[in-house]
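S.K.: quick one, what's the 3D model for this:
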Amino acid sequence: MKRFVWIFFIVGMLFAATLQEGVETFEKGEFAKAQTIFAPLAEKGDPLAQFYLGLLYFTGDGGEKNLIEAGNWFEKSARHNDPNIPEKNFKGISADYDRALYWFIKIAESGNVKAQFYLGVMYAAGRDIEIDYKKSAYWFEKAAKQGDELSQLNVGMFYIEGNGVRKDVKKGIEWLEKAAEQGNLRAQNYLGYLYTSHEIVEQDYEKARYWYLKAAKQEYPMAQYNLAVMYCLGKGTPRDLKVCSFWTKKAYENGLKKQASALWNKYELWKYQE
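M.R.: Presented below is the predicted three-dimensional model:
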């Protein structure tokens, strides 16, 4: 009898999706599948699963937009950290939305980095929330301080552009570097661009090549193309059409076909292939 119990236990472990699998599925954009993973975990009381399930109902990305369900799951998640949060009575045509947003914000205020990041995204994009760059920057910076690399990227760009915050290029670079050091490809490529362009920071081809190369080695096509251009033009490095040819081909193979083809033909880079 014990043998059968262990068999059922092992099978259950093999087929029960984990919270991490749900998060990874969500981040891939497979929202309906993610919802099926989060639902049983939320029912069992997992506060992060409850948050994600609420978010899927809030946006409708899981297939059904349901503000009442969103509010209910957000409240369950928020009360996991603080059972004494006061309920508010919302009235009017937007009552369900206002209640859901109230609990969404309460989760973010409790320190939930995912809630902070997604509030930043939604306030920036105007997705189910009125656009408010100041609030977006506020929540991105909250999450960035907890080490969230995408939030570091976004708040860094906000400071560079003065979007929702007072423009502060130095602070923007610091946040971008934090994201880049965590391996964020967009941050690495954007730093390369900033140091190449001389539009915002002092031109520094050595730093530009350093960050482009970081991203290029991780198969980021735009960085591969930008690095190729540096070698084709001899910007910050001796002109080397063989190296230019190498990175141009990599960029093409990784999907940047139009730009890479133009560079390939302009410098007749096929001549430098081994």
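S.K.: from now on I want contacts and neighbour counts done on CA atoms only, so please keep to that.
M.R.: Will do.
S.K.: okay, now the unreliable bits of the chain?
M.R.: 1-16 (pLDDT under 70).
S.K.: give the contact list for the most centrally placed residue in it.
M.R.: For the chain, Leu150 is the residue whose C-alpha lies nearest the centre (CA atoms, centre = their mean; 4.2 Å). Residues near Leu150 by CA atoms under 8 Å, 6 or more residues apart in numbering: 117, 144, 179, 184.
S.K.: need those in CSV (columns: secondary structure).
M.R.: Formatted as CSV, those follow (DSSP: H, G, I helix; E, B strand; the rest coil):
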residue, secondary structure
Phe117, helix
Ala144, helix
Ala179, helix
Asn184, coil
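S.K.: from those, which is closest to Leu53?
M.R.: Closest approach between the contacts of Leu150 and Leu53, by CA to CA: Phe117, at 15.8 Å.
S.K.: around the closest one, count how many other residues there are.
M.R.: The number of residues packed around Phe117, counting by other CA atoms under 10 Å, is 26.
S.K.: list the contacts for it?
M.R.: The contact partners of Phe117, by CA under 8 Å, 6+ apart, come to 139-140, 143, 148, 150-151.
S.K.: helices - which of these land there?
M.R.: Using DSSP state H, the members of these that fall in helices are 139-140, 143, 150-151.
S.K.: most neighbours among those residues, which one?
M.R.: When neighbours are counted by other CA under 10 Å, Phe140 leads the ones in helices among the contacts of Phe117 with 31 neighbours.
S.K.: ok, the nearest residue to Ala179 once chain neighbours are set aside to Ala215 distance?
M.R.: Nearest non-adjacent residue to Ala179, counting by CA to CA, 6 or more residues apart in numbering: Glu149, 4.7 Å away. Glu149 is 15 Å from Ala215, where distance means CA to CA, to the nearest Å.
S.K.: wait, the residue nearest to Ala179 touches Lys178, no?
M.R.: Yes. Taking CA atoms under 8 Å as the definition, Glu149 is a contact partner of Lys178 at 7.4 Å.
S.K.: show me which of the two is the more surrounded one.
M.R.: Shown here are Glu149 and Lys178; by other CA under 10 Å, Glu149 has more neighbours (25 against 21).
S.K.: in contact with that one, which residues?
M.R.: Shown in contact with Glu149 (CA under 8 Å, 6+ apart): 178-180, 182, 184.
S.K.: same thing but at 7 Å, please
M.R.: The neighbours of Glu149, taking CA atoms under 7 Å, 6 or more residues apart in numbering as the test, are 179, 182, 184.
S.K.: which one (most neighbours) among these?
M.R.: Of the contacts of Glu149, Ala179 is surrounded by the most neighbours, 25 neighbours in total, counting by other CA under 10 Å.
S.K.: make sure it is actually in contact with Ser151.
M.R.: No. Applying CA atoms under 7 Å, one finds Ala179 not in contact with Ser151, separated by 8.2 Å.
S.K.: got the CA positions of the helix or strand hosting Ala78 in CSV?
M.R.: Taking DSSP states H and E as the criterion, the element that holds Ala78 is helix 67-81. The C-alpha coordinates for helix 67-81 follow below in CSV (Å, rounded to 0.1, in the frame of the first residue of the first chain):
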residue,chain,number,x,y,z
LEU,A,67,-12.9,43.5,-11.9
ILE,A,68,-14.8,41.9,-9.1
GLU,A,69,-12.6,38.8,-9.2
ALA,A,70,-9.5,41.0,-9.6
GLY,A,71,-10.4,42.9,-6.5
ASN,A,72,-11.1,39.7,-4.5
TRP,A,73,-7.8,38.1,-5.4
PHE,A,74,-5.8,41.3,-4.8
GLU,A,75,-7.5,41.7,-1.4
LYS,A,76,-6.6,38.1,-0.4
SER,A,77,-2.9,38.7,-1.5
ALA,A,78,-2.7,42.1,0.4
ARG,A,79,-4.2,40.7,3.6
HIS,A,80,-1.7,38.0,3.6
ASN,A,81,0.9,40.6,4.7
